[in-house]
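1. Predicted model and sequence follow; I will ask about them next.
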Amino acid sequence: MWDHLEPKEKTRCSPLEDMAQHALRVAQVCDLLEALADDLPRRPVPVWREAAHMCNDVVRRHYKLLLDVLLPMLEDRTRGNGECDPVLLRLQSDFEEEASGLYELNALMVDAVNDRSGNIGAEALGYALRCFFGALRRNVSWEMEVLLPLATRRLNIADLNKLSRLMQADPLTRAS
């Protein structure tokens, strides 16, 4: 009768749920970048600092999880599957392209933070932001709609345990 008053045991999240949480944080970064792009040419330095920090922390961590951990696991489990192979190759290519775009965007944001934003016009900076967060949103959507459901179907308990261990062992991939 009073069991609802007992403290509930904390349930452990699946590493795929952790990945979904990472993806949601990346979507929040997209929202911040969009707000910055909408607010140009005004450039409040604290917001630029936060955006640069989130790109370097949240987005970089997420790409590391995807490219170094999850995609190789899925490739092992789906190798030879005519349906999965092209999808995984496309996702990997898109994620790698966006990861490299992150470095270019970061350089622009560092200039904005250091008040060297006169080196680039507001239109060019806004364009770079919109290209990046637009592609990033598409990638997050693909991840949530295709990649994580595929991982749920294809990865076994040993894979999930390995994924969890790798996420815990690497400071870049620990849930923040």
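-> Yep, that arrived.

2. Relative to Ser100, how far out is the residue nearest to Arg130 when sequence neighbours are not counted?
-> Excluding the flanking residues, the one nearest Arg130 by CB to CB, 6 or more residues apart in numbering is Ala37, at 5.3 Å. (C-beta placed from N, C-alpha, C; glycine too.) When distance is defined by CB to CB, to the nearest Å, Ala37 is 20 Å away from Ser100.

3. higher neighbour count, these two?
-> Ala37 (19 against 11; other CB atoms under 10 Å).

4. my guess is the more buried one contacts Gly126, does it?
-> Yes. Judged on CB atoms under 8 Å, Ala37 makes contact with Gly126 at a distance of 4.6 Å.

5. For the residue nearest to Arg130, which residues are in contact?
-> By CB atoms under 8 Å, 6 or more residues apart in numbering, Ala37 lies in contact with 125-126, 129-130, 133.

6. which helix of the chain spans the most residues?
-> helix 84-113 (DSSP state H).

7. Quick check: which helices or strands does that helix pack against?
-> helix 45-54, helix 60-64, helix 71-78, helix 122-142, helix 148-154 (3 or more CB pairs under 8 Å, 6 or more residues apart in numbering; DSSP states H and E).

8. wait, which of those helices is closest to Leu166?
-> Between Leu166 and the helices and strands packed on helix 84-113, the shortest gap by CB to CB is with helix 71-78, which sits at 9.3 Å.

9. so what does the closest one touch, helix or strand wise?
-> Helix 71-78 packs on helix 84-113, helix 148-154, helix 157-169, going by 3+ CB pairs under 8 Å, 6+ apart.

10. Low-confidence stretches in this structure?
-> Residues of the chain meeting the criterion pLDDT under 70: 1-13, 43-44, 112-121, 170-176.

11. Relative to Gly80, how far out is the residue most central in space within it?
-> Centroid-nearest residue in the chain: His62, 3.7 Å away (criterion: CA atoms, centre = their mean). Distance of His62 to Gly80, given as CB to CB: 28 Å.

12. Quick check: Val26 touching Arg61?
-> No. Using CB under 8 Å, Val26 is not in contact with Arg61; the gap is 9.1 Å.

13. how deep is the closest residue to Trp142 other than its chain neighbours tucked in, by neighbour count?
-> Counting by CB to CB, 6+ apart, the nearest residue to Trp142 once its immediate chain neighbours are dropped is Leu91, at 6.1 Å. Using other CB under 10 Å, Leu91 has 21 neighbouring residues.
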